[in-house]
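S.K.: Turn this into a model:
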Amino acid sequence: MKVKPLGDRVLVKASKELEKTKGGIVIPDTAKEKPQEGEIVAVGEGRKTDEGKVISLSLKVGDKILYGKYSGTEITVDSDEYLIMKEDDVLAIVG
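M.R.: Residues are numbered from 1 along each chain as shown. The predicted model follows:
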(Lines give C-alpha, C1' and ligand atoms only; values in the text may rest on other atoms or scores of the structure.)
Protein backbone atom coordinates (compact mmCIF):
# COMPACT_ATOMS: atom_id res chain seq x y z
CA MET A 1 0.00 0.00 0.00
CA LYS A 2 1.28 3.45 -0.90
CA VAL A 3 0.51 6.61 1.05
CA LYS A 4 0.32 9.99 -0.72
CA PRO A 5 0.02 12.98 1.64
CA LEU A 6 -2.55 15.62 0.67
CA GLY A 7 -2.12 19.38 0.56
CA ASP A 8 0.81 20.73 2.57
CA ARG A 9 1.50 17.49 4.45
CA VAL A 10 4.60 15.29 4.35
CA LEU A 11 5.19 11.62 5.21
CA VAL A 12 8.22 11.12 7.48
CA LYS A 13 10.14 7.97 8.46
CA ALA A 14 11.45 8.66 11.97
CA SER A 15 15.08 7.91 12.80
CA LYS A 16 15.81 4.99 15.10
CA GLU A 17 16.06 5.63 18.82
CA LEU A 18 19.55 5.56 20.32
CA GLU A 19 20.39 2.29 22.07
CA LYS A 20 23.41 3.70 23.90
CA THR A 21 25.06 7.03 24.57
CA LYS A 22 28.31 8.15 22.98
CA GLY A 23 30.05 7.10 26.21
CA GLY A 24 28.71 3.54 25.85
CA ILE A 25 25.94 3.61 28.47
CA VAL A 26 22.98 1.45 27.42
CA ILE A 27 19.65 3.34 27.50
CA PRO A 28 16.73 1.26 28.87
CA ASP A 29 13.42 1.25 26.96
CA THR A 30 11.69 3.27 29.69
CA ALA A 31 14.20 6.12 29.37
CA LYS A 32 14.26 6.39 25.58
CA GLU A 33 12.82 9.55 24.08
CA LYS A 34 10.79 9.76 20.92
CA PRO A 35 13.14 10.72 18.05
CA GLN A 36 12.76 14.22 16.65
CA GLU A 37 14.64 13.58 13.46
CA GLY A 38 13.58 11.78 10.31
CA GLU A 39 13.60 11.54 6.53
CA ILE A 40 10.84 12.65 4.19
CA VAL A 41 9.54 9.76 2.06
CA ALA A 42 6.57 11.51 0.36
CA VAL A 43 5.20 15.05 -0.02
CA GLY A 44 1.82 16.50 -0.92
CA GLU A 45 1.21 18.76 -3.92
CA GLY A 46 1.24 21.96 -1.86
CA ARG A 47 -0.97 24.41 -0.02
CA LYS A 48 -3.88 26.01 -1.84
CA THR A 49 -4.64 29.71 -1.47
CA ASP A 50 -8.15 31.14 -1.25
CA GLU A 51 -7.96 31.89 -4.98
CA GLY A 52 -7.20 28.22 -5.77
CA LYS A 53 -3.51 28.74 -6.60
CA VAL A 54 -1.18 25.96 -5.37
CA ILE A 55 1.96 26.98 -3.47
CA SER A 56 4.45 24.12 -3.72
CA LEU A 57 6.32 22.82 -0.67
CA SER A 58 9.92 23.78 0.08
CA LEU A 59 10.60 20.21 1.27
CA LYS A 60 11.35 17.29 -1.02
CA VAL A 61 11.67 13.50 -0.76
CA GLY A 62 14.98 12.53 0.83
CA ASP A 63 15.36 15.64 3.03
CA LYS A 64 16.52 14.89 6.57
CA ILE A 65 14.50 17.05 8.96
CA LEU A 66 14.00 18.03 12.58
CA TYR A 67 10.45 18.29 13.90
CA GLY A 68 8.67 19.08 17.17
CA LYS A 69 8.47 16.40 19.86
CA TYR A 70 4.69 15.98 19.62
CA SER A 71 4.26 16.81 15.91
CA GLY A 72 2.33 14.76 13.43
CA THR A 73 0.13 11.70 13.48
CA GLU A 74 1.68 8.24 13.76
CA ILE A 75 0.57 5.65 11.20
CA THR A 76 1.65 2.10 10.34
CA VAL A 77 1.89 0.97 6.72
CA ASP A 78 3.03 -2.60 5.92
CA SER A 79 4.53 -2.92 9.44
CA ASP A 80 6.60 0.28 9.00
CA GLU A 81 5.87 3.28 11.22
CA TYR A 82 5.59 6.79 9.76
CA LEU A 83 4.46 10.27 10.76
CA ILE A 84 2.19 12.50 8.70
CA MET A 85 2.63 16.18 9.50
CA LYS A 86 2.10 19.61 8.02
CA GLU A 87 5.05 21.41 6.49
CA ASP A 88 4.71 24.03 9.25
CA ASP A 89 5.58 21.38 11.89
CA VAL A 90 9.03 20.88 10.35
CA LEU A 91 11.60 22.96 12.25
CA ALA A 92 14.69 22.54 10.05
CA ILE A 93 16.38 20.62 7.24
CA VAL A 94 19.56 18.89 8.49
CA GLY A 95 22.71 18.63 6.35
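S.K.: element containing the residue nearest to the spatial centre of the chain?
M.R.: Nearest to the geometric centre of the chain sits Val12, at 3.1 Å (C-alpha atoms, centre = their mean). Using DSSP states H and E, the element containing Val12 is strand 9-14.
S.K.: Count the residues that sit near Ile65.
M.R.: Counted with other C-beta atoms under 10 Å, the neighbours of Ile65 add up to 21. Using the backbone N, CA and C atoms, a C-beta is placed for each residue, glycine as well.
S.K.: contacting residues around it?
M.R.: Ile65 makes contact with 12, 37-40, 59, 90-94 under the criterion C-beta atoms under 8 Å, 6 or more residues apart in numbering.
S.K.: hmm, 10 Å instead?
M.R.: 10, 12, 15, 36-40, 59, 85, 87, 89-94 (C-beta atoms under 10 Å, 6 or more residues apart in numbering).
S.K.: Glu37 now?
M.R.: Counting by C-beta under 10 Å, 6+ apart, Glu37 has contacts 12, 14-16, 64-67, 91-92, 94.
S.K.: Of the contacts of Ile65, keep whichever come out buried.
M.R.: Neighbour counting with 16 or more other C-beta atoms under 10 Å marks 10, 12, 38, 40, 59, 85, 87, 89-90 as buried within the contacts of Ile65.
S.K.: which one of these is nearest Lys4?
M.R.: Closest approach between those and Lys4, by C-beta to C-beta: Val10, at 10.9 Å.
S.K.: isn't that closest one right up against Gly44?
M.R.: Yes. The pair Val10 and Gly44 qualifies as a contact (C-beta atoms under 10 Å) at a distance of 6.9 Å.
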